[in-house]
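S.K.: Have a look; sequence and predicted model below, questions after that.
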Amino acid sequence: MDISESNNILEVKNLKTYFYTDNGVVKAVDGVSFDLKVMETLGIVGETGSGKSVTALSILRLIPQPSGKIVEGEVIFNGKNILDMNIKELQSFRGNRISMIFQDPMTSLNPVFTIGNQLMEAIVAHRKISKKEAIKESLRLLEIVGIPDIKKRFSGYPHEFSGGMRQRVMIAMAIANSPSVLIADEPTTALDVTIQAQILELIDDLKFKTNSSVIIITHDLGVVAKFADRVMVMYAGKPVEFSDVDTVFYKPCHPYTLGLIKSITRLDAEKKEKLKPIEGLPPSLIDLPEGCIFRVRCDYKIEKCKSLYPPFFEIEPKHYAACFRAEEFLNGNLSRGS
């Protein structure tokens with residue numbers, strides 16, 4: 001996969017992250033490559049356990065050790081490999097050049113410190129400013145992310161905030177130093193539908209205000225369809241399809257992508273259709289099946305899927321898939337069904 005275009009802010013090349021357990025080696029991320037362009041939103045989608053979050057944590061080298069290890073690959077940010085940085089460089093880099101919004105703000109925020117203290121800490125870690133200036137900047141950030149009564153909230157503790165408000169605080173901390181890349185890992189988990197929409201709209205709005213690029217990690221194809229420019233579909237630690245959003249939604253060329261699309265409700269459909277879930281469960285990452293790892297759940301498998309894993313290749317300009325039958329899907333020689 002060629003990811004050498006000059007307007008890339010981030011390039012991930014053949015990334016592999018494994019966890020070494022008593023039961024065996026978990027290949028959580030196994031050969032992931034993608035690029036992120038300036039001012040772009042990239043969606044990474046897949047079922048639980050597909051490797052989405054571990055990919056994000058690997059980018060920032062936040063993999064828990066000693067069990068977890070990045071065993072291969074490169075993560076190039078503005079020409080520099082993050083995986084080669086020393087600890088001091090990493091401390092300066094995280095939260096400054098690339099920031100991350102985590103799934104659960106209640107476990108990410110310290111319960112014994114006020115919201116104001118935690119925001120100020122995120123600011124002064126990367127900027128030499130006075131306490132007065134840090135307070136002023138913290139209040140400004142709370143206002144930007146839509147926190148009401150900011151002076152009162154500044155002195156509040158995480159447990160005094162609703163889930164949606166805590167997530168807004170996490171976003172304020174993430175954008176405190178105007179990062180070039182913002183990674184949002186399932187940013188609306190456990191929030192009700194109305195609040196989910198508000199949080200996603202906020203992230204999208206901040207992308208344009210701060211001229212940043214965004215990676216949204218989600219299992220929700222609706223989120224990808226609305227907010228992402230391109231999408232990478234992952235299954236069992238590997239990318240299986242990658243292209244712009246319209247291409248992936250209207251011309252899916254991997255059976256897993258097709259299965260995900262068929263399993264969601266289409267509001268624009270002319271008639272109501274019964275949803276078709278993907279049969280079976282994802283494989284154990286310790287004991288992956290021989291050949292194509294999706295074949296045990298695939299309606300389109302052929303004989304060589306039993307022994308060979310299909311290459312991740314470009315089936316048309318800027319459209320990649322890992323399926324022996326991808327070109328048949330593309331050319332209309334293989335029906336995608338209703």
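M.R.: Received it, and whenever you're ready, just let me know what you need.
S.K.: hmm, who's touching the helix or strand of the chain with the lowest mean pLDDT?
M.R.: None of the helices or strands of the chain scores lower by mean pLDDT, DSSP states H and E than helix 105-108, at a mean of 80. Here helix 105-108 makes contact (CB atoms under 8 Å, 6 or more residues apart in numbering) with Phe102, Pro158, Gly163, Arg166, Gln167, Val169, Met170. For the C-beta atoms, the positions are set from N, CA and C on the backbone; glycine is no exception.
S.K.: Identify the residues contacting Lys251.
M.R.: Applying CB under 8 Å, 6+ apart to Lys251 gives the contacts His319, Phe329, Leu330.
S.K.: Please list all residues in contact with the second one.
M.R.: Going back to what we said before, that points to Phe329. Lys251, Pro252, Cys253, His254, Leu258, Cys323, Arg336.
S.K.: Then Gln103?
M.R.: Here Gln103 is in contact with Ser53, Asp185, Glu186, Pro187, Thr189 (CB under 8 Å, 6+ apart).
S.K.: Show me the shaky parts of this protein.
M.R.: Scanning the chain with the threshold set as pLDDT under 70 gives 1-6, 266-273, 338.
S.K.: can you pull out the helices in the stretch 151-300 of the chain?
M.R.: 163-174, 193-210, 221-227, 245-250, 255-262 (DSSP state H, counting those that start in this stretch).
S.K.: could I get the ones you listed as a markdown table with mean neighbour count and distance to Leu119?
M.R.: A markdown table is the format used below for these (neighbours: other CB atoms under 10 Å; distance: least, CB to CB, whole Å):
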| stretch | mean neighbour count | distance to Leu119 |
| --- | --- | --- |
| helix 163-174 | 24 | 6 |
| helix 193-210 | 16 | 15 |
| helix 221-227 | 19 | 25 |
| helix 245-250 | 17 | 33 |
| helix 255-262 | 22 | 37 |
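S.K.: Save those helices as JSON lines, and put in distance to Leu281 too.
M.R.: Shown next, in JSON lines, are the helices of the stretch 151-300 of the chain (distance: least, CB to CB, whole Å):
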{"stretch": "helix 163-174", "distance to Leu281": "29"}
{"stretch": "helix 193-210", "distance to Leu281": "26"}
{"stretch": "helix 221-227", "distance to Leu281": "19"}
{"stretch": "helix 245-250", "distance to Leu281": "23"}
{"stretch": "helix 255-262", "distance to Leu281": "13"}
